[in-house]
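*Asks:* Requesting a structural model of the entry that follows:
(one chain, ligands or ions: 1)
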Amino acid sequence: MEEESTPRPTLAQLKEQPHYSYTALNTYVSICQLLYYYRYIEKDEAERTPVALPFGTAFHSVLSEQAQAAKTGNLLTAEQMTEAFATYFQANCKDAANIVFKRDENIEDQIATAKRMFETVNKEWIDYWNIQSVAEPFKVEMPGLSKPLIGELDMVISEQTPFDDEERQGHDTIVDFKTAARMWSDDKPTKDLQATVFSYAFEKTHQCRPSFRFDVVTKAKTPTVRHFFTSRDDNHYQRLEKLFLTADKGIQAGVFLPNESSFACSDCPFADRCSGWHSNSLKTISPKEAA
Ligand code: SF4
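*Replies:* Purely as a prediction, here's the structure:
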């Protein structure tokens with residue numbers, strides 16, 4: 001990966017301009033168009049927030065800190081990570097609207113679960129000097145898309161380390177951290193849209209094709225970690241462009257259908273509004289609105 005001369009804008013700065021995020025477009029194409037409408041067009045407060053959301057965000061922030069430490073050859077202990085997690089998690093819960101815990105769950109249980117997960121993550125941690133970047137923001141133009149696509153790569157690693165004499169370009173791998181209730185199936189990474197979007201963005205910004213690795217840790221009594229490797233090619237990118245351009249047209253045309261067989265229905269933050277969708281009209285949007 002080539003060194004950059006000027007600093008990139010942060011993700012927060014990129015969010016200040018009109019944009020599509022991977023999460024937003026994935027909500028539209030893979031989860032539920034109506035959920036997209038409530039979250040990204042109306043931008044109303046959620047009726048409820050499942051605790052998994054602030055948990056996942058806090059866990060992710062701590063893994064990002066761990067990656068920064070590992071880049072300099074250090075590793076935070078599980079205790080340090082848990083302490084940081086507790087701070088993020090409690091702040092996230094405070095900011096979220098109407099947090100919903102599952103029966104018999106509470107904040108302390110969630111922190112204890114996170115600690116077990118960090119212990120497992122640390123036993124399996126494999127990246128140090130090969131870490132090229134952590135929390136790397138990106139912004140790319142997709143031909144025909146009405147707004148740029150933005151996002152953030154959790155970590156980029158390389159086969160090359162600072163101790164290598166020879167330059168070994170072209171062996172970069174994007175790493176994405178995931179928490180999951182159950183361990184992923186073997187074929188999930190090959191179909192995952194995020195790997196396609198992030199590989200596409202990396203290739204456009206770095207002019208080289210990356211590999212992709214998902215690091216998945218289960219949120220369980222006995223957590224496990226697995227590294228899943230995958231990659232994308234031109235055919236995936238062409239399909240992605242068609243998919244997102246079609247979604248863009250649908251959004252601008254005001255097409256927001258409910259998907260009542262979506263996995264998201266059971267925890268949907270807008271379930272009450274959705275139940276009255278058929279008897280209310282949705283706000284009309286201008287082509288420049290959304291996301
Ligand atoms: S309840 Fe289901 S169909 Fe309705 S907005 Fe939420 S995810 Fe979509």
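*Asks:* and the residue lying closest to P50 once chain neighbours are set aside, how far is that from E260?
*Replies:* Residue nearest to P50 in three dimensions, not counting chain neighbours: D267, with 4.3 Å by Cβ to Cβ, 6 or more residues apart in numbering. No exception for glycine: its C-beta is placed from N, CA and C like everyone else's. Computed with Cβ to Cβ, to the nearest Å, the distance linking D267 and E260 is 14 Å.
*Asks:* Partner strands of the lowest-mean-pLDDT helix or strand in the chain and their direction?
*Replies:* The least trusted helix or strand in the chain, going by mean pLDDT, DSSP states H and E, turns out to be strand 99-100, with a mean of 88. Using DSSP bridges, the strands paired with strand 99-100 are strand 49-50 (parallel).
*Asks:* Which residues outside the least confident helix or strand of the chain are in contact with it?
*Replies:* Strand 99-100 is contacted from outside by R48, T49, P50, V51, P54, C93, D267, using Cβ atoms under 8 Å, 6 or more residues apart in numbering.
*Asks:* starting at the chain centroid, how far to that strand?
*Replies:* Distance of strand 99-100 from the chain centroid (Cα atoms, centre = their mean, to the nearest Å) equals 21 Å.
*Asks:* after that strand, next one along is what?
*Replies:* Past strand 99-100, further along toward the C-terminus, the next helix or strand under DSSP states H and E is helix 107-124.
*Asks:* what does that following helix contact?
*Replies:* Taking Cβ under 8 Å, 6+ apart as the rule, helix 107-124 contacts 51, 55, 58-59, 62-63, 66, 75, 77-79, 81-82, 85-86, 89-90, 93, 179, 217-219, 221-225, 227.
*Asks:* Select only the buried ones of these in ChimeraX?
*Replies:* Only the buried entries of these go into this ChimeraX selection, using 16 or more other Cβ atoms under 10 Å:
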select :51,55,58,59,62,63,66,78,81,82,85,86,89,93,179,217,218,219,223,225
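*Asks:* Looking at the contacts of helix 107-124, which are in strands?
*Replies:* The members of those that map onto strands under DSSP state E are T179, V217, T218, V225, H227.
*Asks:* which non-adjacent residue is nearest the second one?
*Replies:* For V217, ignoring the flanking residues on the chain, the nearest one in space by Cβ to Cβ, 6+ apart is V225 at 4.8 Å.
*Asks:* who touches the one you found in this structure?
*Replies:* V225 makes contact with T120, V121, K123, E124, D215, V216, V217, T218, according to Cβ under 8 Å, 6+ apart.
*Asks:* of all these, which two lie farthest apart?
*Replies:* The two members of the contacts of V225 with the most space between them (Cβ to Cβ) are K123 and V216, at 14.8 Å.
*Asks:* neighbour count winner among those two?
*Replies:* Shown here are K123 and V216; by other Cβ atoms under 10 Å, V216 has more neighbours (20 against 9).
*Asks:* Would you agree V255 is in contact with L34?
*Replies:* No. With contacts counted by Cβ atoms under 8 Å, V255 stays clear of L34, the gap being 10.1 Å.
*Asks:* Compare these two (neighbour count), which wins?
*Replies:* Comparing V255 with L34 by neighbour count (other Cβ under 10 Å), the higher total belongs to L34, at 22 against 12.
*Asks:* contacting residues for the residue nearest to P50?
*Replies:* Contacts here follow Cβ under 8 Å, 6+ apart; on that basis D267 touches R48, P50, A52, V100.
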